[in-house]
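[1] Sequence first, then the predicted structure:
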Number of protein chains: 2
Amino acid sequence: MPHTTAPMSLKSLARELGISAATVSRVLSGQAERHRISIATRDRVLGAARASGLVVDQLARSLRLRRTQSIGLLIPDISNPFFAQLARQIERRARHHGYSVLIADSEEDADVEAAAMTLMLSRRVDGLIVAPVGTPATDNPLRSLGGRPCVLVDRLLEQPSLPAVTSDHRHGAELATQHLIARGHRRIGCVEGSPGTFANDARIAGWRAAMASAGLAAGDDLVAGTGYSVDAGVAAARTLLRRAERPTAVLALGNVLALGVLQAAREERIIVPDDLSLVAFDDQLWAAVTSPALTIVEQPIEALGREVVDLLLERIAAPLDDPPARRILPVRLIERESVRDLGAGRVVPAPPAQRTPDPPAPAHGRAGAR
Amino acid sequence: MPHTTAPMSLKSLARELGISAATVSRVLSGQAERHRISIATRDRVLGAARASGLVVDQLARSLRLRRTQSIGLLIPDISNPFFAQLARQIERRARHHGYSVLIADSEEDADVEAAAMTLMLSRRVDGLIVAPVGTPATDNPLRSLGGRPCVLVDRLLEQPSLPAVTSDHRHGAELATQHLIARGHRRIGCVEGSPGTFANDARIAGWRAAMASAGLAAGDDLVAGTGYSVDAGVAAARTLLRRAERPTAVLALGNVLALGVLQAAREERIIVPDDLSLVAFDDQLWAAVTSPALTIVEQPIEALGREVVDLLLERIAAPLDDPPARRILPVRLIERESVRDLGAGRVVPAPPAQRTPDPPAPAHGRAGAR
DNA sequence: TTGTAAGCGTTATCAT
DNA sequence: ATGATAACGCTTACAA
């Protein structure tokens, strides 16, 4: 009958039991042994605590311990499915390590990001995980972290050189481009997200590299895009598709951009993959049921989440040794139906991509690569 | 040159300035006027605070003020796009009211949910927003809230009668069903999510009501489903599609279930919408580019987020007056291409649904209904 | 084996 | 117009 009305506290419980708060504290924090608390006392405390439904106040505890057992998570757009999945993995991993997550959505705005960081620090999070907006802020945020560790994820920054975990965006783009080249494509365009952003630029670099080593042109006329939204994707695709020499294939550097490309193709009465091949980034549940099902470069989201959290907790535990570790996780290409084989001269042997059959198996091979 | 190395604090700043902590506190919390702090002192404090990059410790502040200016958010699966969007709206609204959000993913597990709630309460969140798992927990969670307000969202519970904000699931299902009936469908099935869950059951009820008032059978043989996952959706759809009398139309009571239906239809070589019509719930960016584009019952996610937060903050501000308010927000039907008009006798006049044209306009009419 | 007391960084109350 | 002091609820030397 836990019919508590009074705001229980360790101290009040101690008073009720006629013992000191210190003893109760010791028992409740599992230090009974270490302090040779008598079994009798221990059980009395434990019993009473359970009966009264006492939970120790983490606020006071944190203040005293100078550690909140919580981390801050800063995401540019949590409604983007990629970040949503990432957030899930991060929260889950943190929870398993006994950490709570304070979350904020920076709305892709550097000032919001800076403000959110300050707020989180003032709430004394033990560390920070940030998928940075990557754009210069009015106020310098990622600098004065008050000494608390911070790990970047997905996008990494050069200026404040911080540890980071990302997937191999560059290699992903190479994989995708090589795949297209191997199927006879020569003019391959890119619908990009936010230029200047790490993941975006790394992907562009990968595409350029693959194009170059196949002796193909990779000029700026083959790139368009202004942001990670369907509308931006539509506009960029439209631009590309209306070029005098229309590309036969397009890389959409983000899953929602792929939606935009599909949309634009529809408008222009261009059939994918017959008239235009498409490879997108970041697998999603729906990517297997668009028409056509999308060939995709998949990021190891679970591993990403696991690694950032682990990396952050390591740095929270151990003082800051300086080599800002940078973990880059491998990606893989999932072939589905959005790429047409042009048959023409294969320049490069088909890359060793895992094949994911389609109608039979839906797309959630969460392989947790490496 | 904010070259702070020492862990600044209000108190240390006071010492440096040779004044009392109380005064600094008063200035920093905007109480200078109220306490008639001299302009000189005020400016000195403000200047020094800015120069040293001081941010007051919210932990200590919260402890003293008995209020953390933070709320807890409990979501069953934040990687589900519906909840991701909802979380975004909630976080954003909370932030605008000056509240931080502590988030946890209950993984659709009542025990995880209970544990997370306890943890949040121990962290002294000022209130809680919960999309409850809705399944009995080992430990009774939603009861001993330590007097702190809690508002449910999306799913509401009967037993602990708490204030809630949901969209009109029941009416949505009626709308969808009437839409199908008006297009000549007679056998209309349901692929459900988690039976026993509020949103799910309300939708089933709506479907039954619409079927009944059209004099159509709505037996259990027309319902299948065990959870909100693609796989569960595939299995349920398969069951329905293999019935002796196969339904001509199906309601997918959740967007990821629609993915499952599409998948299953592919396997069975059933063409949507020619052989099978489909109406799904919860609009998503991709719903316009599946093949076919999905006719959908859309929930007003932004309004949902806004209302829960506002409702919660009201209850945080004002002591608990008992009528557990229950706000039910209207939904709307977005017609796209996944419903076939059977032409046969129209039983009911076409419901007054907004039409969203497709190729021309992508699907983000965020109308913020009502 | 247990208690006392100081302190974590604020703010409210009461003085002055 | 400002300062001392106590208290928020906990943990941890240091004692006993």
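    That came through fine.
[2] How much space separates the residue in the stretch 101-250 of chain A that DNA strand D sits nearest to from chain B?
    Nearest residue of the stretch 101-250 of chain A to DNA strand D (Cβ to the nearest atom of the strand) works out as residue A:124 at 12.7 Å. C-beta: built from backbone N, CA, C; applies to glycine. Distance, residue A:124 to chain B, by Cβ to the nearest Cβ, to the nearest Å: 5 Å.
[3] Pretty sure that residue sits against residue B:62.
    No. Using Cβ atoms under 8 Å, residue A:124 makes no contact with residue B:62, being 10.0 Å away.
[4] quick one: which helix or strand includes the residue in the stretch 251-370 of chain A that DNA strand C sits nearest to?
    Proximity of the stretch 251-370 of chain A to DNA strand C (Cβ to the nearest atom of the strand) peaks at residue A:316, 17.3 Å away. Using DSSP states H and E, residue A:316 sits within helix A:301-317.
[5] can you pull the alpha-carbon coordinates of that helix into CSV?
    Provided in CSV are the C-alpha atoms of helix A:301-317 (Å, rounded to 0.1, in the frame of the first residue of the first chain):
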residue,chain,number,x,y,z
ILE,A,301,23.1,3.3,-38.0
GLU,A,302,23.1,1.0,-35.0
ALA,A,303,26.9,0.8,-35.0
LEU,A,304,27.1,4.6,-35.4
GLY,A,305,25.0,5.0,-32.3
ARG,A,306,26.9,2.5,-30.3
GLU,A,307,30.2,3.9,-31.2
VAL,A,308,29.5,7.5,-30.5
VAL,A,309,28.1,6.7,-27.1
ASP,A,310,30.9,4.4,-26.2
LEU,A,311,33.5,7.0,-27.4
LEU,A,312,31.8,9.7,-25.4
LEU,A,313,31.6,7.6,-22.3
GLU,A,314,35.2,6.7,-22.6
ARG,A,315,36.2,10.3,-22.6
ILE,A,316,33.9,11.0,-19.7
ALA,A,317,35.5,8.3,-17.7
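[6] Can you list the buried residues in stretch A:195-212?
    For stretch A:195-212, a neighbour-count test (16 or more other Cβ atoms under 10 Å in any protein chain shown) marks A:197-204, A:206-211 as buried.
[7] helix/strand/coil for residue A:190?
    strand (DSSP: H, G, I helix; E, B strand; the rest coil).
[8] Could you verify my assumption that it touches residue A:249?
    No. Using Cβ under 8 Å as the test, residue A:190 is too far from residue A:249 to be in contact (10.1 Å).
[9] How far does stretch A:24-42 stretch from one end to the other?
    8 Å (Cα to Cα, to the nearest Å).
[10] Mind listing what's buried along that stretch?
    When neighbours are counted by 16+ other Cβ under 10 Å, the buried residues of stretch A:24-42 are found to be A:24-28, A:32, A:37, A:41-42.
[11] Can you add secondary structure, distance to DNA strand D and pLDDT and give these back as a markdown table?
    Formatted as a markdown table, the buried residues of stretch A:24-42 follow (DSSP: H, G, I helix; E, B strand; the rest coil; distance: Cβ to the nearest atom of the strand, whole Å; pLDDT from 0 to 100):
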| residue | secondary structure | distance to DNA strand D | pLDDT |
| --- | --- | --- | --- |
| A:24 | helix | 7 | 98 |
| A:25 | helix | 3 | 98 |
| A:26 | helix | 5 | 97 |
| A:27 | helix | 9 | 98 |
| A:28 | helix | 6 | 97 |
| A:32 | coil | 12 | 94 |
| A:37 | coil | 11 | 96 |
| A:41 | helix | 13 | 96 |
| A:42 | helix | 14 | 97 |
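[12] any idea which of those residues is closest to residue A:223?
    Nearest to residue A:223 among the buried residues of stretch A:24-42, counting by Cβ to Cβ, is residue A:28 at 59.8 Å.
[13] List the residues that contact that closest one.
    Residues near residue A:28 by Cβ atoms under 8 Å, 6 or more residues apart in numbering or on different chains: A:10, A:45, A:49, A:54, A:56.
[14] Can you narrow those down to the ones near DNA strand D?
    Filtering the contacts of residue A:28 for proximity to DNA strand D by Cβ under 7 Å from any atom of the strand leaves A:10, A:56.
[15] Out of the contacts of residue A:28, which end up buried?
    Here, 16+ other Cβ under 10 Å leaves A:10, A:45, A:49, A:54, A:56 buried among the contacts of residue A:28.
[16] Let me know whether the second one touches residue A:24 as I believe.
    Yes. With contact defined as Cβ under 8 Å, residue A:45 reaches residue A:24; the gap is 5.5 Å.
[17] Need the overlap of contacts for the two.
    A:13, A:17.
[18] for chain A, what are the low-confidence residue spans?
    Scanning chain A for pLDDT under 70 picks out the ranges A:1-6, A:135-144, A:320-321, A:344-370.
[19] just to revisit the earlier point, what's the closest of the buried residues of stretch A:195-212 to residue B:270?
    Distance to residue B:270, by Cβ to Cβ, is smallest for residue A:203 among these, at 37.7 Å.
[20] Can you verify the closest one is assigned to a helix?
    Yes. Read with three-state DSSP, residue A:203 is one of the residues of a helix.
[21] What separation do you get for it and residue B:48?
    Distance, residue A:203 to residue B:48, by Cβ to Cβ, to the nearest Å: 46 Å.
[22] Which positions in chain A make contact with DNA strand C?
    Contacts of chain A with DNA strand C, taken as Cβ under 7 Å from any atom of the strand, map to A:18-23, A:35-38, A:40-42, A:60, A:63-64, A:66.
[23] Of those, which belong to helices?
    A:21-23, A:40-42, A:60, A:63-64 (DSSP state H).
[24] Tell me which two of those sit farthest apart.
    The span of these, defined through Cβ to Cβ, is set by A:40 and A:63 at 31.4 Å.
[25] residue in chain A nearest to DNA strand C?
    Relative to DNA strand C, the nearest point of chain A is residue A:36 (2.9 Å; Cβ to the nearest atom of the strand).
[26] which parts of chain A sit against DNA strand D?
    A:7, A:9-11, A:21-22, A:25-26, A:28-29, A:31, A:56-57, A:59-61, A:63-65.
[27] Repeat the analysis, applying 6 Å as the threshold.
    Counting by Cβ under 6 Å from any atom of the strand, the residues of chain A close to DNA strand D are A:7, A:9-11, A:21-22, A:25-26, A:28-29, A:56-57, A:60-61, A:63-65.
[28] Please convert the buried ones among the contacts of residue A:28 to JSON lines, extending it with distance to residue B:103.
    Formatted as JSON lines, the buried ones among the contacts of residue A:28 follow (distance: Cβ to Cβ, whole Å):
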{"residue": "A:10", "distance to residue B:103": "27"}
{"residue": "A:45", "distance to residue B:103": "32"}
{"residue": "A:49", "distance to residue B:103": "27"}
{"residue": "A:54", "distance to residue B:103": "25"}
{"residue": "A:56", "distance to residue B:103": "22"}
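[29] Please list which of those also come close to chain B.
    Checking the buried ones among the contacts of residue A:28 against chain B by Cβ under 8 Å from any Cβ of the partner chain, the ones in range are residue A:56.
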